[in-house]
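*Asks:* predicted model and sequence below, questions to follow.
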Amino acid sequence: AIPFEIEADTPFRLDDIFVDWNLLRTEKSHAVVSATLAKRSQVAETLTRFQDAGCDPHVIEAEGLVLANLAGVFRLEGVHLLVDIGHEKTPSCAIADARPLIAHSIPVAGRAMTEAIAAETGLSLEDAEQRKLEGGALGRGGSPGSPGVLAIVDRIAREAMRTLEAAETGQGAGPV
């Protein structure tokens, strides 16, 4: 019933997408779910890349939502926002009682930080990466950090707050 309930709220035909969902809570005559949509064409493309690489995946997880799996590993109870600052993008997932409420990904992460350090200092990308890894990007010991990196971290923090606000105001999600 879930795919048919969300059909009116999505611009995609049900035949063109996969729909998965997590039950958040049930009430007398209805349920509150967190639904994830994936275009069948994108899933097929991903599977083809795995096959070309000689891999046979048994599970493909949605970016961001996969972070919710950490709730059980770290015994996270209550409300949390999990964020993974990767190389090219930063996925996040708001969870409540170990269940994902909403996931979001922004196209800025570690590589953008390295590029900012390189642009500010004139270092090569390799040397800028090394500086970032050694912990100087955000500043330490009273020295100021990279303005570009601080702007990227600020953007990630603002997007994280928007993700929490979206989870809080989501249909029936309740306060976060």
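*Replies:* The structure has been received and is ready for your questions. Numbering: from 1, shown residues only.
*Asks:* how far off centre is stretch 140-154?
*Replies:* 23 Å (CA atoms, centre = their mean, to the nearest Å).
*Asks:* report the backbone C-alpha coordinates of that stretch in CSV.
*Replies:* Below are the C-alpha coordinates for stretch 140-154, written out as CSV (Å, rounded to 0.1, in the frame of the first residue of the first chain):
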residue,chain,number,x,y,z
ARG,A,140,44.8,24.4,16.4
GLY,A,141,46.6,25.8,19.4
GLY,A,142,45.1,29.3,18.9
SER,A,143,46.0,29.6,15.3
PRO,A,144,43.2,30.4,12.8
GLY,A,145,42.1,27.7,10.5
SER,A,146,41.6,27.9,6.8
PRO,A,147,38.8,30.4,5.9
GLY,A,148,37.7,28.2,3.0
VAL,A,149,37.5,25.1,5.2
LEU,A,150,35.7,26.9,7.9
ALA,A,151,33.1,28.1,5.2
ILE,A,152,32.7,24.5,4.1
VAL,A,153,32.2,23.2,7.6
ASP,A,154,29.7,26.1,8.2
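*Asks:* pull out the buried residues from it.
*Replies:* Buried positions in stretch 140-154, judged by neighbour count with 16 or more other CB atoms under 10 Å: Ser146, Gly148, Val149, Leu150, Ile152, Val153. C-beta: built from backbone N, CA, C; applies to glycine.
*Asks:* how much space between the fifth one and Ala94?
*Replies:* Distance from Ile152 to Ala94, counting by CB to CB, to the nearest Å: 21 Å.
*Asks:* re the thing from before, pick the one among the buried residues of stretch 140-154 closest to Arg49.
*Replies:* Sorting the buried residues of stretch 140-154 by distance to Arg49 puts Ile152 at the head of the list, at 28.2 Å, by CB to CB.
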